[in-house]
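Q: Give me a model of this one.
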Amino acid sequence: MDALVRNLKIVWRAESIVADARMKTMARRSALWVAAAGLALFGYVMCNIAVFFALQPSLGPMWAAAIVGGGNFVIAGLLALVAARAQPGREVELAQEVRDMALAELETEARAIQAQFVGVRDDLRGLQRSFGNFVRHPLDNALPQLIVPLAGLVLKALRKGETPKA
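A: Prediction:
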């Protein structure tokens, strides 16, 4: 039973480590997505402002705004790719291995306990059948144990009945 409790504790700790690592990864991804969204919004705003102000004299207002806004969109796209590829660290793999080992131990112990219960159940059923047979047919169960003593008594009685002739 101590091993069962120990394995349950190990599973609980491993699951909490996995959940913590997943939360950290999700927070990191969320922060990068927010940064990407902020840069995309900034790119949109810059496109609007650049239409009016940027590079009006040399390229004209339209091309200057397109260059600045396009650059911001490229940066936002790169940040989105980094956020999508962020993977949990090595600790998640280790915690999952420990969890899987503890679950395998628990499964083995559960099978052993189940086998013990099946054995007890079969013993109780056998006892129930024996008791039921004894109650229904008491002589059938007692007769094999009484045959030898009864046969001995009958033989003694027969021997006494024979008297030697002289």
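Q: host element of residue 31?
A: Secondary structure from DSSP states H and E places residue 31 in helix 2-52.
Q: Following element in sequence after that helix, please.
A: Downstream of helix 2-52, the next assigned helix or strand under DSSP H and E is helix 61-85.
Q: Show me what the mean pLDDT comes to for that following helix.
A: Averaging pLDDT along helix 61-85 gives 81.
Q: can you give me the offset of the helix or strand just after that helix from its chain's centre?
A: Of the helices and strands lying after helix 61-85 in sequence (DSSP H and E), the nearest is helix 90-136. Relative to its chain's centre, helix 90-136 lies at 18 Å (C-alpha atoms, centre = their mean, to the nearest Å).
Q: counting contacts, what elements does helix 90-136 pack onto?
A: With contacts defined as 3 or more C-beta pairs under 8 Å, 6 or more residues apart in numbering; DSSP states H and E, helix 90-136 has these neighbours: helix 2-52, helix 138-161. For glycine as for every other residue, the C-beta is placed from the backbone atoms N, C-alpha and C.
Q: could you dump the ones you listed to TSV with mean pLDDT, mean neighbour count and distance to residue 91?
A: Shown next, in TSV, are the helices and strands packed on helix 90-136 (pLDDT from 0 to 100; neighbours: other C-beta atoms under 10 Å; distance: least, C-beta to C-beta, whole Å):
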stretch	mean pLDDT	mean neighbour count	distance to residue 91
helix 2-52	84	14	6
helix 138-161	76	10	66
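Q: Could you export the ones you listed as a markdown table, including distance to residue 71?
A: Formatted as a markdown table, these follow (distance: least, C-beta to C-beta, whole Å):
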| stretch | distance to residue 71 |
| --- | --- |
| helix 2-52 | 8 |
| helix 138-161 | 98 |
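Q: Of all those helices, which one comes closest to residue 121?
A: Among the helices and strands packed on helix 90-136, the nearest to residue 121 by C-beta to C-beta is helix 2-52 (20.6 Å).
Q: helices or strands next to the closest one in the packing?
A: Here helix 2-52 touches helix 61-85, helix 90-136, going by 3+ C-beta pairs under 8 Å, 6+ apart.
Q: Quick check: which of those helices is buried the most?
A: Stretch with highest mean neighbour count among the helices and strands packed on helix 2-52: helix 61-85 (a mean of 16; mean count of other C-beta atoms under 10 Å).
Q: So which of the helices and strands packed on helix 2-52 is nearest residue 149?
A: Closest approach to residue 149 among the helices and strands packed on helix 2-52 (C-beta to C-beta): helix 90-136, 19.2 Å.
Q: now the closest one and helix 2-52, what's the angle there?
A: Per axes from the mean of the first three to the mean of the last three C-alpha atoms, to 10 degrees, the angle that helix 90-136 makes with helix 2-52 is 140 degrees.
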